[in-house]
Structure formats: C-alpha cells, structure tokens
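K.L.:
need a structure here:
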Amino acid sequence: MPGDPRLRASDADRDRTAALLREHHAVGRLTGEEFEERLGKVFAARTLGELDALLADLPAIDLYQLPSAGIRPAPPGAVRRRGGPGLNRRGDGPPLQRITSWLTWTAASGLLLIIWLGVGIVAGGAAWLPWFLLIVIPWALTIARRPPGQL
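P.N.:
Model (predicted):
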C-alpha cells in the first residue's frame with residue numbers, strides 16, 4: 001500500500017489487505033493458522049504501516065487481475081452470454097435442460113399418438129379427432145418460447 005506508513009488505515013484498506021491474505025492462503029503461501037493470525041491482526045491494525053507489515057514477506061498480488069475481480073454487473077442494455085452447468089463440454093450449444101425438455105416432449109407425444117391410434121383401431125375409426133394435438137402443440141410452444149436459463 002503506497003503512502004505514509006503512519007497514516008491511519010481505513011476500513012477499505014483493511015478489507016483489501018484481508019482479500020490479499022485470502023488469496024495468498026488460497027494458493028498455499030499461508031497455512032490456516034498463519035492466515036487466521038494475520039487476519040486477526042488486519043482488523044486490529046490502526047495504521048497503513050501495520051497492514052504493510054502483514055504482507056511484507058508475501059509477493060505482490062494485483063486484485064484486479066484475479067478472476068473474481070472480473071465479475072461485475074453488465075452495463076444497462078448489454079448482453080452477456082453466461083456459461084453454466086447446463087452447457088456441453090466445450091461450453092457452447094443448447095443447455096441440457098432444453099434438450100431434456102424436448103426429449104420428454106417427444107416421448108410423451110409419441111405415446112399419446114400410439115394411444116390415439118390404438119383407440120381409433122379398437123373403436124373402428126370412431127376416434128378420428130386427433131385430440132392428442134391439444135396437448136402436444138401448446139406444450140411445444142411453451143418449451144420453444146422459454147429462454148434457455150428458465151427451463
């Protein structure tokens with residue numbers, strides 16, 4: 001931290017130092033005991049010099065270069081593609097939930113078609129109205145209209 005080491009530390013200075021210590025602990029530069037000890041000293045520190053002393057034997061880390069620092073809300077109107085567990089191995093393509101929804105629809109539609117045909121054969125052609133379409137068409141429209149993340 002640049003500046004006069006005798007200056008009083010702010011809450012933001014303490015939070016930044018704590019974040020740096022967390023990163024050093026995460027990569028294995030600090031043991032759990034060392035991390036806890038230093039973290040206690042961070043929140044008890046009064047000056048910038050005390051905070052600097054807690055980081056003196058550790059390499060510098062730029063928090064702005066860490067992946068977590070890149071997670072910011074998108075500006076209004078911006079479209080950001082989101083990744084997630086529903087994507088295939090390469091990270092592109094339709095989400096797994098959408099594929100599962102369409103497979104379920106296909107299986108149920110096939111079953112309803114078989115039932116309709118069976119009733120028509122048993123009834124001797126009396127079931128000519130394709131009633132199963134009253135189920136499968138609205139269902140398909142519902143699946144098709146939903147955004148991929150809301151299935």
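
K.L.:
From the structure, what's the count of residues near R46?
P.N.:
For R46, the neighbour count with other Cβ atoms under 10 Å is 12. To be clear about C-beta, it is placed using only N, CA and C from the backbone, and glycine gets the same treatment.

K.L.:
List phi and psi for it.
P.N.:
Main-chain dihedrals, R46, degrees, to the nearest 10: phi -110, psi -30.

K.L.:
Surely it is in contact with S10?
P.N.:
No - the criterion here is Cβ atoms under 8 Å, and R46 misses it with S10 at 10.9 Å.

K.L.:
Pull out the buried positions in the helix or strand bottoming out on mean pLDDT in the chain.
P.N.:
Using mean pLDDT, DSSP states H and E, the weakest-scoring helix or strand in the chain turns out to be helix 96-122, at a mean of 86. Judged by neighbour count using 16 or more other Cβ atoms under 10 Å, the buried positions of helix 96-122 are Q97, R98, S101, W105, S109, L112, W116.

K.L.:
any idea how far it is from the chain center?
P.N.:
Helix 96-122 has its C-alpha centroid displaced from the chain centroid by 33 Å (Cα atoms, centre = their mean, to the nearest Å).

K.L.:
for it, packing partners?
P.N.:
On a contact count with 3 or more Cβ pairs under 8 Å, 6 or more residues apart in numbering; DSSP states H and E, helix 96-122 meets helix 133-145.
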